[in-house]
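just to be clear, the model below is a prediction. Sequence and coordinates:
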Amino acid sequence: MKKLFAKLALFASISILLAMPLRAFAIFDQCITPEDKENFIVTIMEEPFGSADMYKERKDGDKTIFKVVECCRVTAKFKDGTVGTELLAGKCGGGEIKDENIQYTFEQVMAIMSKGGTTMIQGYISVIYTWAASLVGLIAVTVIIFSGIQIAMSGGDTQAVESGKNRIIKSISGLAVLFLSGLILYTINPNFFAK
């Protein structure tokens, strides 16, 4: 009789674990709360553009209309082939953990939440622009630094000095175009850069 109760208890606990595979193990908050699912259009970006800290939360009065959140997608694959997925708040580096019964995989994703379709489009443009502007600015400054070092180390070689000057001028021109694109976006919609 004890073995029967032990088997029933084991069966019941396995059934609960399979029904809600990761909630039993989750020690982190959910990335997307039920309130978020009810109030926002939620899109998961599989390949995040940088960190969610780069992107500003947009508000209309005191209500949030757009936000970006970093999530860790945890997938549990059980020995019997059952798979469960949960989005948890926070960062994870990716990778796998294998147990004899369960295999966990961790992926970094980004959740973009918006109140409406046009706000979502504006948010996507903002996310892509912010990421691209950061990348272009970093590359331009790096090129300026290395070109300055090339000019300093040229030892009077006019071809090396001329090459360094041309790269510096092109990098500064790229930064000017980047600034002007931001100015155009701000002119079209002043809320584009607003928090």
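Perfect, thanks for sending it.

all helices of this structure, in order?
Ranges of helices within the chain are 2-19, 34-39, 117-153, 158-188, based on DSSP state H.

sketch out the low-pLDDT regions of this protein for me.
By pLDDT under 70, the low-scoring segments of the chain are 1-29, 49-54, 93-94, 191-195.

and it, what are its domains?
Listed by automatic domain parsing, the domain ranges of the chain are 19-115, 120-192.

got the ones you listed as CSV, with mean neighbour count columns?
Quick note: C-beta positions are derived from backbone N, CA and C, even for glycine. Shown next, in CSV, are the domains of the chain (neighbours: other C-beta atoms under 10 Å):
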stretch, mean neighbour count
domain 19-115, 15
domain 120-192, 14
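
not counting sequence-adjacent ones, nearest residue to Glu46?
Of all residues not flanking Glu46 in the chain, Val109 sits nearest, at 6.0 Å (C-beta to C-beta, 6 or more residues apart in numbering).

who does the lengthiest strand in the chain pair up with?
In the chain, with assignment by DSSP state E, the single longest strand is strand 63-78. Looking at strand 63-78 with DSSP bridges, its partner strands are strand 58-60 (antiparallel), strand 83-89 (antiparallel), strand 102-114 (antiparallel).

distance to Val141 added to those strands, as TSV?
Listed next are the strands paired with strand 63-78 as TSV, based on distance: least, C-beta to C-beta, whole Å:
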stretch	distance to Val141
strand 58-60	28
strand 83-89	33
strand 102-114	26
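
and these: which comes nearest Pro190?
Between Pro190 and these, the tightest spacing by C-beta to C-beta is seen for strand 58-60, at 12.0 Å.

tell me how far that closest one lies from the chain's centre.
Between the centre of strand 58-60 and the centre of its host chain there is 20 Å, according to C-alpha atoms, centre = their mean, to the nearest Å.

and stretch 121-130, by the same measure?
Chain-centre distance of stretch 121-130: 12 Å, with C-alpha atoms, centre = their mean.

just the CA trace of that stretch, in CSV.
Provided in CSV are the C-alpha atoms of stretch 121-130 (Å, rounded to 0.1, in the frame of the first residue of the first chain):
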residue,chain,number,x,y,z
ILE,A,121,6.5,51.0,-35.6
GLN,A,122,7.9,54.2,-34.0
GLY,A,123,9.5,52.1,-31.3
TYR,A,124,11.1,49.7,-33.8
ILE,A,125,12.6,52.7,-35.7
SER,A,126,13.8,54.1,-32.4
VAL,A,127,15.4,50.8,-31.4
ILE,A,128,17.1,50.3,-34.7
TYR,A,129,18.2,53.9,-34.9
THR,A,130,19.6,53.9,-31.4
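
and the contacts of stretch 136-151?
Contact with stretch 136-151 is made by 160-161, 163-165, 167-168, 170-172, 174-175, 178, as judged by C-beta atoms under 8 Å, 6 or more residues apart in numbering.

turn those into JSON lines, columns for distance to Glu57.
Converted to JSON lines, those look like this (distance: C-beta to C-beta, whole Å):
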{"residue": "Ala160", "distance to Glu57": "48"}
{"residue": "Val161", "distance to Glu57": "47"}
{"residue": "Ser163", "distance to Glu57": "44"}
{"residue": "Gly164", "distance to Glu57": "42"}
{"residue": "Lys165", "distance to Glu57": "43"}
{"residue": "Arg167", "distance to Glu57": "38"}
{"residue": "Ile168", "distance to Glu57": "37"}
{"residue": "Lys170", "distance to Glu57": "36"}
{"residue": "Ser171", "distance to Glu57": "32"}
{"residue": "Ile172", "distance to Glu57": "33"}
{"residue": "Gly174", "distance to Glu57": "29"}
{"residue": "Leu175", "distance to Glu57": "27"}
{"residue": "Leu178", "distance to Glu57": "23"}
